[in-house]
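>>> Pasting the sequence and the predicted coordinates here, then a few questions.
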Amino acid sequence: MVTKSSFDAVAVYSTEHGRLCPGCGRPTAKCQCSSRIPPKTSDGIIRIGRQTKGRKGSGVTTVSGLNLAPAPLRQLAGKLKKQCGAGGAIKDGVIEIQGEHRDTLVSALQKLGYTVKRVGG
């Protein structure tokens, strides 16, 4: 019988897959074991910013700080994209909406009862 000592190395990050579950070694998005890494806790404030880095000058509006499960996060992202009339994606729990829509998103999220803060310029 082989047992793990407290000094055995466990991979928690892979350049190919990102964060890995220490229990099963699978990417955290595909992990279904009981030792799953809990999501980062938030202070309850939704932060809305703008990013252009790595996008060849095209900007996206980012919505971060949402502690939602994947399904409700997708639903909220869909509502926000429709309200802005733009495309977007969810990456690592952050909603990205194409274009400059910070003012629209601030008012939309405040109507839904969230505490919202604009970050960046």
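Alright, I've got the coordinates.

>>> Can you check what pLDDT the model gives the most centrally placed residue in the chain?
Residue closest to the mean C-alpha point of the chain, counted by CA atoms, centre = their mean, is residue 93 at 1.4 Å. pLDDT for residue 93: 87.

>>> Touching, it and residue 73? I think so.
Yes. Here residue 93 reaches residue 73: they are 6.9 Å apart, a contact under CB atoms under 8 Å. For the C-beta atoms, the positions are set from N, CA and C on the backbone; glycine is no exception.

>>> And the average pLDDT for stretch 62-74 is what?
Mean predicted lDDT for stretch 62-74 stands at 88.

>>> tell me which residues in that stretch are buried?
62, 63, 64, 65, 66, 73 (16 or more other CB atoms under 10 Å).

>>> The residues you listed into a markdown table, with extra columns for secondary structure?
Below are the buried residues of stretch 62-74 laid out as a markdown table (DSSP: H, G, I helix; E, B strand; the rest coil):
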| residue | secondary structure |
| --- | --- |
| 62 | strand |
| 63 | strand |
| 64 | strand |
| 65 | coil |
| 66 | coil |
| 73 | helix |
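
>>> where does the chain have low pLDDT?
Confidence mapping of the chain against pLDDT under 70 gives the ranges 1-10, 12, 14, 22-23, 33-42, 121.

>>> for it, what's the longest strand?
strand 45-51 (DSSP state E).

>>> and it, which strands flank it?
Applying DSSP bridges to the sheet, strand 45-51 is found paired with strand 60-64 (antiparallel), strand 115-118 (parallel).

>>> Adding distance to residue 80, write those out as CSV.
Converted to CSV, the strands paired with strand 45-51 look like this (distance: least, CB to CB, whole Å):
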stretch, distance to residue 80
strand 60-64, 7
strand 115-118, 12
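
>>> quick revisit: for residue 13, state which of the buried residues of stretch 62-74 is nearest.
Proximity of those to residue 13 (CB to CB) peaks at residue 64, which lies at 20.4 Å.

>>> Quick check: the closest one touching residue 94?
Yes. Using CB under 8 Å, residue 64 makes contact with residue 94 at a distance of 4.6 Å.

>>> which non-adjacent residue is nearest residue 26?
Of all residues not flanking residue 26 in the chain, residue 20 sits nearest, at 6.7 Å (CB to CB, 6 or more residues apart in numbering).
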